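Colleague: Got a predicted model here, sequence first, then my questions.
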Amino acid sequence: MGMVTPYELTGRTHQKARTRAAMVDATRELLAEGMAPTVEQAAERAAVSRTTAYRYFPNQRALLIASYPELDMPSLLDADAPPDPAARLELVTESIARQVLEHEPELRAMLRLSLELPPPDKDELPLRQGRVIGWIEDALAPLRGRLPAAELRRLVLAIRATLGIEALVWLTDIGGLSRDQAADLMRASARTLLRSALAEAATTDGSA
């Protein structure tokens, strides 16, 4: 059985690419306004018929993944990623920092919503699903066995606290840094935490 060709790759591809881009742009706008948009809501904002919209995006998840592709990625590393945890962390923090800058309006909106009382249902916060923790755990996977599980978990959470929209908001709005400076500092903080944990582990091993 042959591969199924996506709808947007069949006939009038330029027009279909424009329609798809309009849907993605509309989704990002709605996310930045604090909504987790349905296909219908994105179609209305993009002035696209519902029938057409569903040809591109059969459900909300497909729509959100098109607007923020990393939502569906269990890892930010390729199959040929380096074995060294520091090198792996560099690649992952670079990707996370890029995502935060690229999706800042949407991420700020989700952060604002998450701070409300009572907090909204998790489904209403599609960009706040804890995926960054999984990416950091994946980056530091070579440390399993080298660090006790509780210490590794603590390191992962400490690094997560230095990355993401929360850190960007503080560093730019309060700290006065530019976005690029904030991204550099977030990555440097992650690097320092890893280096400190490895040095502490080496000292402990040496004194054992």
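Modeller: In hand now; what should we look at?

Colleague: Show me the domain layout of the protein.
Modeller: 7-67, 70-207 (automatic domain parsing).

Colleague: Distance from the first one to the middle of the chain?
Modeller: Going back to what we said before, that points to domain 7-67. 20 Å (CA atoms, centre = their mean, to the nearest Å).

Colleague: which intervals of the chain have sub-threshold pLDDT?
Modeller: The chain contains residues with pLDDT under 70 at 1-12, 205-208.

Colleague: picking that back up, as a markdown table, the domains of the chain with mean neighbour count would be great.
Modeller: In this view, the C-beta of every residue, glycine as well, is placed from N, C-alpha and C. As requested, those are exported to a markdown table (neighbours: other CB atoms under 10 Å):
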| stretch | mean neighbour count |
| --- | --- |
| domain 7-67 | 17 |
| domain 70-207 | 16 |
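
Colleague: Can you tell me what sits against stretch 98-115?
Modeller: With contact meaning CB atoms under 8 Å, 6 or more residues apart in numbering, stretch 98-115 is reached by 28, 31-34, 67-68, 70, 119-120, 124-128, 163-166, 168-169, 179-180, 183, 186.

Colleague: Let me see the ranges of the helices in the chain.
Modeller: Assigned by DSSP state H, the helices in the chain fall at 13-32, 39-46, 50-56, 60-67, 85-102, 104-114, 131-139, 149-162, 165-169, 179-207.

Colleague: Packing partners of the first one?
Modeller: The criterion is 3 or more CB pairs under 8 Å, 6 or more residues apart in numbering; DSSP states H and E, and the helices and strands that helix 13-32 contacts are helix 39-46, helix 50-56, helix 60-67, helix 104-114.

Colleague: how far off helix 60-67 does the last one point, in degrees?
Modeller: Orientation check (axes from the mean of the first three to the mean of the last three CA atoms, to 10 degrees): helix 104-114 against helix 60-67 gives 140 degrees.

Colleague: closest one to Asp78 among the helices of the chain?
Modeller: Smallest distance to Asp78 across the helices of the chain (CB to CB): 8.6 Å, for helix 85-102.

Colleague: okay if I get the helices of the chain as TSV plus distance to Leu77?
Modeller: Formatted as TSV, those follow (distance: least, CB to CB, whole Å):
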stretch	distance to Leu77
helix 13-32	25
helix 39-46	31
helix 50-56	29
helix 60-67	19
helix 85-102	6
helix 104-114	22
helix 131-139	6
helix 149-162	15
helix 165-169	22
helix 179-207	15
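
Colleague: Of all the ones you listed, which one comes closest to Pro74?
Modeller: The closest of these to Pro74 is helix 131-139. By CB to CB, the value is 6.6 Å.

Colleague: CA atoms of the closest one as CSV?
Modeller: The C-alpha coordinates for helix 131-139 follow below in CSV (Å, rounded to 0.1, in the frame of the first residue of the first chain):
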residue,chain,number,x,y,z
ARG,A,131,7.7,18.5,28.6
VAL,A,132,10.8,20.5,29.4
ILE,A,133,11.6,18.3,32.4
GLY,A,134,11.5,15.3,30.1
TRP,A,135,13.9,16.9,27.6
ILE,A,136,16.4,17.7,30.4
GLU,A,137,16.1,14.2,31.8
ASP,A,138,16.8,12.9,28.3
ALA,A,139,19.9,15.2,28.0
